[in-house]
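1. Attaching a predicted model along with its sequence, questions to come.
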Amino acid sequence: MLDKVNEINVCLSPALIHLHDISNSIVVVIDIFRATTSMCYGLANGADGIIPVAEVSTCAIYKDHGYLLAAERNGEVVDGFDFGNSPFSYVGEKVKGRTIVLTTTNGTKAIHLSREAKKVVIGSFLNLTALCNWLSKQDDSILLVCAGWKDNFNLEDTVFAGAVINKLKESHKKGDDAAIAAETLYFTAEKDLADFLSRSAHSKRLQHLGIQKDIDFCLQTDLLETIPVLEGDRLVALEA
């Protein structure tokens, strides 16, 4: 009897998630610029938890209950909220010991659509190796869900998916063409991620908003060991 070989697949947009059997997979949600990067950074800096919600109106419901409220749309902080999804808002002096309620244009939507998965974890370049080391030990198939931009494909999330696939080549086989394409794109980008991803549409949006420093921060690799995992309605740090 042949040993089971687990697959790794890629969902290039949340609009395609219904095509995948997520109930039997570990889902990794990816929103490199900037939501999942900030989630990893916030939990690493001592936040008690992050509650991802799909809508600004839902985030507002938590007002006056002791939570930090974070809302971003189209790259900018929504008026009336504490901050958005810049990683520089998730430093220890702001978030340690606090619970954050967060809504973003793309990332929190992708998490919301992934809730029926066997487990949902969060990926970024900041925790790439720690994430892949953990994933390699799991006896489950993996679905990498790229948050994209308003249901469209984007470069940065797909390049990150390709990096994960490359690191997991000994434990998981590529299960679909999207996985093959993502890894191929990563091979094209890996020698100079910053230069390659400076061409991406969302990178240009953020540059236009004057926040190149956020882009640079999000492309740093292996700063963290923290892996956010969805438990109930909130993201918490996965226990080692």
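-> Happy to help now that I have it. Numbers count the residues shown, from 1 in each chain.
2. what about dumping the CA coordinates of the least confident helix or strand in the chain by mean pLDDT to CSV?
-> Using mean pLDDT, DSSP states H and E, the weakest-scoring helix or strand in the chain turns out to be helix 201-208, at a mean of 83. Extracted C-alpha coordinates of helix 201-208, given in CSV (Å, rounded to 0.1, in the frame of the first residue of the first chain):
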residue,chain,number,x,y,z
ALA,A,201,-0.2,47.1,-8.4
HIS,A,202,-0.7,47.2,-4.6
SER,A,203,2.9,48.2,-4.0
LYS,A,204,2.3,51.1,-6.3
ARG,A,205,-0.9,52.0,-4.4
LEU,A,206,1.1,52.1,-1.2
GLN,A,207,3.9,54.1,-2.7
HIS,A,208,1.3,56.6,-3.9
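3. Can you pull out the residues in contact with it?
-> Helix 201-208 has contacts (C-beta atoms under 8 Å, 6 or more residues apart in numbering) with 33-34, 74-75, 149, 154-156, 197-198, 212, 214-215. Quick note: C-beta positions are derived from backbone N, CA and C, even for glycine.
4. Kindly indicate whether the residue nearest to residue 120 when sequence neighbours are not counted is helix, strand or coil.
-> Nearest residue to residue 120 in three dimensions, chain neighbours excluded: residue 230, at 4.0 Å (C-beta to C-beta, 6 or more residues apart in numbering). Here residue 230 is strand, with the state taken from DSSP: H, G, I helix; E, B strand; the rest coil.
5. Identify the bridge partners of residue 230.
-> Using DSSP bridges, the bridge partners assigned to residue 230 are residue 235.
6. okay, now it: neighbour count?
-> Residues lying near residue 230 (other C-beta atoms under 10 Å) number 20.
7. Do you know the pLDDT at it?
-> You'll see residue 230 listed with a pLDDT of 98.
8. next one: the one 5 residues further on
-> Looking at residue 235, its pLDDT is 98.
9. Let me see the contact set for it.
-> Counting by C-beta under 8 Å, 6+ apart, residue 235 makes contact with 39, 43, 49, 50, 51, 52, 111, 122, 228, 229.
10. Report the distance from the least confident helix or strand of the chain to the chain centre.
-> Computed by C-alpha atoms, centre = their mean, to the nearest Å, the chain-centroid distance of helix 201-208 equals 18 Å.
11. contact partners of the helix or strand following it?
-> As assigned by DSSP states H and E, the chain's next helix or strand after helix 201-208 is helix 212-218. For helix 212-218, contacts defined as C-beta under 8 Å, 6+ apart pick out 32-34, 37, 86-88, 124-126, 156, 194, 197-198, 203, 206-207.
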